[in-house]
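Undergrad: sequence plus predicted model, see below.
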Amino acid sequence: MTGTGEMASVLAAGALAVVPTDTVYGLVCVASSRESALGLYRLKGRNEIQPTAVIAASTDVLFECFPDIEGVVAMALRLLLPGPFTLIVPNPGRRYGWLSAAQPDTIGVRVPDLGGPTQELVRHVGLIVATSANLPGGTDPRRLDQVPDEILGGVAFAVDGGELPGVPSTVIDLTGPAPSVLRVGAGDPDEALARLGGLM
């Protein structure tokens with residue numbers, strides 16, 4: 001399977017895949033399919049109540065998929081994205097609620113700086129679910145050969161993007177009275193909070 005269009009069609013039909021992101025190799029599926037998302041959870045060995053972020057090709061696509069994102073939260077997304085951040089935002093419409101079953105009125109969103117086939121793949125599909133292509137407690141894979149065989153054996157295709165930084169995204173919660181860093185990773189959280197300081 002070599003063409004991006006063919007890979008996008010397979011993904012849109014409900015398959016799982018492993019692709020390079022801007023940070024680590026990710027296990028992905030389309031966000032619109034609850035069955036695919038549950039399959040992703042099972043393959044990774046992830047508890048279904050754990051939240052999983054979505055990736056959009058652009059902030060414009062993100063706002064089309066989540067029209068409830070507005071006001072200062074929308075301005076915050078414009079300030080930080082694209083970039084190596086996962087932002088937890090209000091989701092009052094509970095769109096894609098199966099991705100944050102414990103708190104369906106919030107969701108994690110990403111617009112990474114992608115390149116190559118993954119960028120085209122996300123553009124074709126629109127919105128994907130993505131989590132590190134590892135098993136619980138395992139190392140975040142920076143190369144395709146670090147992805148566990150158990151995961152590679154359960155996906156329709158895997159894309160080799162060479163060696164990646166290997167540090168997952170920084171997670172910032174925008175649902176409270178002030179931004180809160182939940183995980184320090186790629187991207188400078190202090191700089192991000194400083195940029196948000198005038199908004200929230």
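TA: Structure's in. What do you need? Numbers count the residues shown, from 1 in each chain.
Undergrad: which outside residues touch the helix or strand bottoming out on mean pLDDT in the chain?
TA: Every helix and strand of the chain was ranked by mean pLDDT, DSSP states H and E. The lowest is helix 116-125, at a mean of 90. Residues outside helix 116-125 that contact it (Cβ atoms under 8 Å, 6 or more residues apart in numbering) are 4-5, 7-8, 11-12, 19-21, 30, 55-57, 114, 128, 159, 161. Backbone N, C-alpha and C define where each C-beta goes, glycine included.
Undergrad: just these: which are in helices?
TA: Counted as lying in helices by DSSP state H, out of those, are 4-5, 7-8, 11-12.
Undergrad: which one (most neighbours) among these?
TA: Leu11 (25 neighbours; other Cβ atoms under 10 Å).
Undergrad: which parts of the least confident helix or strand of the chain are buried?
TA: Within helix 116-125, the residues that count as buried by 16 or more other Cβ atoms under 10 Å are 117-122, 124-125.
Undergrad: how about the helices in this structure?
TA: With DSSP H as the criterion, the chain has helices spanning 4-12, 34-44, 59-65, 71-80, 116-125, 149-152, 189-196.
Undergrad: Arg95 is nearest to which of the ones you listed?
TA: helix 59-65 (7.0 Å; Cβ to Cβ).
Undergrad: buried sites along the closest one?
TA: Under 16+ other Cβ under 10 Å, the buried positions of helix 59-65 are 59, 61-63, 65.
Undergrad: ok so, going back, and the least confident helix or strand of the chain, how far out from the chain middle?
TA: 13 Å (Cα atoms, centre = their mean, to the nearest Å).
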